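Engineer: everything below, folded, please.
(2 chains)
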There are 2 protein chains.
Amino acid sequence: MSAARGGAAAAPGAAQLADILSAAGPELGALLERAETRLQEVAQGHGDALATHAAGTLAAGGKRLRPVLVYVSAGDSSSDALVEAAVAIELLHMATLVHDDVLDGASLRRGRPTVFATGGRSAATATGDLLFSRAFAVLAAVGNADAVRALSDASSALAHGELMQRQDAWSADVGVDRYLERCRLKTARLFEAACRLGALLGEPGPAAATGLGAYGDRIGVAFQIFDDVLDVSGPTERTGKLRGADLLDGTVTLPLILARRLDPELARLDLRAVVGDPAAAAALCDRIAGTGALEEARAEAAGYVAAAKDELRALMLGERQLQLLELIADGVVERYA
Amino acid sequence: MSAARGGAAAAPGAAQLADILSAAGPELGALLERAETRLQEVAQGHGDALATHAAGTLAAGGKRLRPVLVYVSAGDSSSDALVEAAVAIELLHMATLVHDDVLDGASLRRGRPTVFATGGRSAATATGDLLFSRAFAVLAAVGNADAVRALSDASSALAHGELMQRQDAWSADVGVDRYLERCRLKTARLFEAACRLGALLGEPGPAAATGLGAYGDRIGVAFQIFDDVLDVSGPTERTGKLRGADLLDGTVTLPLILARRLDPELARLDLRAVVGDPAAAAALCDRIAGTGALEEARAEAAGYVAAAKDELRALMLGERQLQLLELIADGVVERYA
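Structural biologist: As a prediction, this is how the structure comes out:
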């Protein structure tokens, strides 16, 4: 479950993103460039150490799926307010990654040293706090209270989901409902906020904020489920991380929950048996895959993608915007398929 | 320097607060009650674990000096928006305390177990993040972009100051200017934001926000200097913590900086010599006091109090509001005097 929050598999694959960018025309690329520029600016002015850590974190990048969601949800808008919203969403996302790395004691993310690794616990905690603060500062300047509320609600959900995941670690009792609630809190609420911000500040307007937010929520859940499938299925050379990384962390995800139902021996297995043993984790991945749980989980994700598209139908969106949003929805479950 | 962020000495003494409350009349007490009610409410709705940790942290209290600053800066206003602003400021303050406790591995604060002690590192990090988020959510709902910007700027400054303090730990090279900059970032900027919010949302209005903010900044610096004096002077039975707690942490504060100038042997002393030795820390406190550095530091703090009062003169405030603000300014350096 960790990869959805910044691993190499944290966004649609490069191929899918290229499809989206190409379908969207040069405007989306230009908007993403403007967000990159702002991301480098906003970290300045709070001391050299924080600027270095924050800029390094932000430069490490990722595919900027959340800013893409802000922009595409906004239709043909390209206002500064929209760029600021995209920047705020990405800042909040990065803040949680930096804090997660502290808690995990993680030394690498996206193949680069984490702030925790280069600066230590204090620097990383402060860097995360700074990115949090900057997210709200940037969005506050836009002057739309609904937008700030969407961001802060997502932020509260992230904290809740993060804690829930840690509470559930190694548990034999996590069911599908609890897992889905966690996906919603840890991943989908930020997707929802991204789409909501795009609607609020873009062409669709406040009336479409709930509908586009619901679309974001659904693809967020699908995204997280599929990410958790990739953790089991690999291949490592595509996902950029070891198979079974979640199992090694004790994170109980949908493939394991479903496999435990299908294979009674798996249900009896204590996850702690694979701690520190990547080969055992990989073997456990094979066993999970052997139950057919991955197909079931993919079908669950596909159901959320379909639900996301359903949400779009009730909205009065232009043909081109609708097409892009559907392309993104498909993209979240077609990564490395 | 840590006490200013939540120790027993974190606010004017009980006597001074009583003076302020009595001078302010029942309205201030009623406003503080409303803030308490809201503080207990805002932590709900994000899971039982977080609610328990957050509510426990918020109930541990303190003297609510920052909410008092919001209210008194607002003059005779008593709107819901003002209460929300007071709540937001206190939430941000508490968020930083919870994160500081994680970094310090602190098990007690205000005589109660910390979230870090009862819930561990993950729960405490998530609780701090939740309190951060709620602070912005609460203030965003007020719908004043300048207010949200004031809060987020203070929040960024807190992160900056926190990191700076940790970078300066054990250092022999911290001078007065650097120390004062740290005071400003770690303490004064939040005081400034509190006063600014009171002005923005209360009677004085936006035109007085800069002036009242400057007042808050000056008393914030004075507050922190005096807090650092108390760390050296004690007495323990009044401050609620061991003398020299900052020295034991390696935190270099104004009394030590000044004493090092006055006593060449002190300048050569490696602070690490007192680590884990409260008796040695107490002896070092006596030695610092013997140089006259405490009187010098108190005079510096008094200078900031005078500067704070100067800021008020340029504003068109009512007699009663002016009197209360001056009483608070005096209160920050008269604790346990």
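Engineer: does any part of the host helix or strand of A:Ala35 sit near chain B?
Structural biologist: Per DSSP states H and E: A:Ala35 is located in helix A:26-42. No: counting by Cβ under 8 Å from any Cβ of the partner chain, chain B is not contacted by helix A:26-42; separation bottoms out at 9.5 Å. For every residue, glycine as well, the C-beta is placed using N, CA and C.
Engineer: mind listing what's buried in that helix?
Structural biologist: Neighbour-count burial for helix A:26-42, with 16 or more other Cβ atoms under 10 Å in any protein chain shown as criterion, is recorded at A:Leu28, A:Leu31, A:Leu32, A:Arg34, A:Ala35, A:Glu36, A:Arg38, A:Leu39, A:Val42.
Engineer: now swap in stretch A:63-79 and tell me
Structural biologist: With burial defined by 16+ other Cβ under 10 Å, the residues of stretch A:63-79 counted as buried are A:63-75, A:77.
Engineer: I'd like those as a markdown table, with pLDDT, secondary structure and distance to chain B appended.
Structural biologist: A markdown table is the format used below for the buried residues of stretch A:63-79 (pLDDT from 0 to 100; DSSP: H, G, I helix; E, B strand; the rest coil; distance: Cβ to the nearest Cβ, whole Å):
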| residue | pLDDT | secondary structure | distance to chain B |
| --- | --- | --- | --- |
| A:Lys63 | 81 | coil | 24 |
| A:Arg64 | 91 | coil | 22 |
| A:Leu65 | 92 | helix | 21 |
| A:Arg66 | 95 | helix | 17 |
| A:Pro67 | 96 | helix | 20 |
| A:Val68 | 95 | helix | 24 |
| A:Leu69 | 97 | helix | 20 |
| A:Val70 | 98 | helix | 18 |
| A:Tyr71 | 97 | helix | 22 |
| A:Val72 | 96 | helix | 24 |
| A:Ser73 | 97 | helix | 20 |
| A:Ala74 | 97 | coil | 20 |
| A:Gly75 | 95 | coil | 24 |
| A:Ser77 | 93 | coil | 19 |
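Engineer: re earlier: what angle do the helix holding A:Ala35 and helix A:65-73 make?
Structural biologist: On the basis of axes from the mean of the first three to the mean of the last three Cα atoms, to 10 degrees, helix A:26-42 is oriented at 130 degrees to helix A:65-73.
Engineer: tell me what helix A:26-42 is packed against?
Structural biologist: Contact here means 3 or more Cβ pairs under 8 Å, 6 or more residues apart in numbering or on different chains; DSSP states H and E; on that basis helix A:26-42 packs against helix A:14-24, helix A:48-59, helix A:65-73, helix A:80-104, helix A:115-140.
Engineer: for the buried residues of helix A:26-42, which one is nearest chain B?
Structural biologist: Using Cβ to the nearest Cβ, A:Val42 comes nearest to chain B of the buried residues of helix A:26-42, at 9.5 Å.
Engineer: and the nearest residue to the closest one once chain neighbours are set aside, what pLDDT?
Structural biologist: Spatial nearest neighbour of A:Val42, excluding adjacent residues (Cβ to Cβ, 6 or more residues apart in numbering or on different chains): A:Arg134 at 4.9 Å. Per-residue pLDDT puts A:Arg134 at 90.
Engineer: separation between A:Arg134 and B:Val142?
Structural biologist: According to Cβ to Cβ, to the nearest Å, A:Arg134 stands 20 Å off from B:Val142.
Engineer: just A:Val221 next, same as before
Structural biologist: A:Val221 is 32 Å from B:Val142, where distance means Cβ to Cβ.
Engineer: and A:Leu97, how many neighbours?
Structural biologist: 24 (other Cβ atoms under 10 Å in any protein chain shown).
Engineer: shaky segments in chain A?
Structural biologist: Scanning chain A for pLDDT under 70 picks out A:1-16, A:61, A:238, A:335-337.
Engineer: and A:Leu248, what does it touch?
Structural biologist: A:Leu242, A:Val274, A:Val275, A:Gly276, A:Asp277, A:Pro278, A:Ala281 (Cβ atoms under 8 Å, 6 or more residues apart in numbering or on different chains).
Engineer: one step back: what's the closest of the helices and strands packed on helix A:26-42 to A:Cys183?
Structural biologist: Closest to A:Cys183 of the helices and strands packed on helix A:26-42, according to Cβ to Cβ: helix A:80-104, at 14.7 Å.
Engineer: and the angle from that closest one to helix A:65-73?
Structural biologist: Here helix A:80-104 runs at an angle of 160 degrees relative to helix A:65-73 (the same axes, to 10 degrees).
Engineer: who's more crowded, A:Val221 and B:Val142?
Structural biologist: Set side by side, A:Val221 and B:Val142 show more neighbours around A:Val221, with 26 against 22, by other Cβ under 10 Å.
Engineer: show me where the stretch 101-250 of chain A has its strands.
Structural biologist: Secondary structure of the stretch 101-250 of chain A (DSSP state E, counting those that start in this stretch): strands at A:108-109, A:112-113.
Engineer: OK, contacts around the nearest residue to A:Leu327 once chain neighbours are set aside?
Structural biologist: Once flanking residues are discounted, A:Leu327 sits nearest to A:Ile20: 5.5 Å by Cβ to Cβ, 6+ apart. A:Ile20 sits next to A:Pro12, A:Leu28, A:Val68, A:Val72, A:Leu324, A:Leu327, A:Ile328, A:Gly331 when contact means Cβ under 8 Å, 6+ apart.
Engineer: quick one: A:Asp101 and A:Gly128, what's the gap?
Structural biologist: Separation of A:Asp101 from A:Gly128 (Cβ to Cβ): 9 Å.
Engineer: these two - which one has more neighbours?
Structural biologist: Counted by other Cβ under 10 Å, A:Asp101 and A:Gly128 do not tie: A:Gly128 has more neighbours, with 30 against 25.
Engineer: hang on, that one packs against A:Ala95?
Structural biologist: Yes: at 4.8 Å, A:Gly128 and A:Ala95 qualify as touching, with contact defined as Cβ atoms under 8 Å.
Engineer: looking at the helices and strands packed on helix A:26-42, which is buried most?
Structural biologist: Most buried of those by mean neighbour count (mean count of other Cβ atoms under 10 Å in any protein chain shown) is helix A:65-73; its value is a mean of 28.
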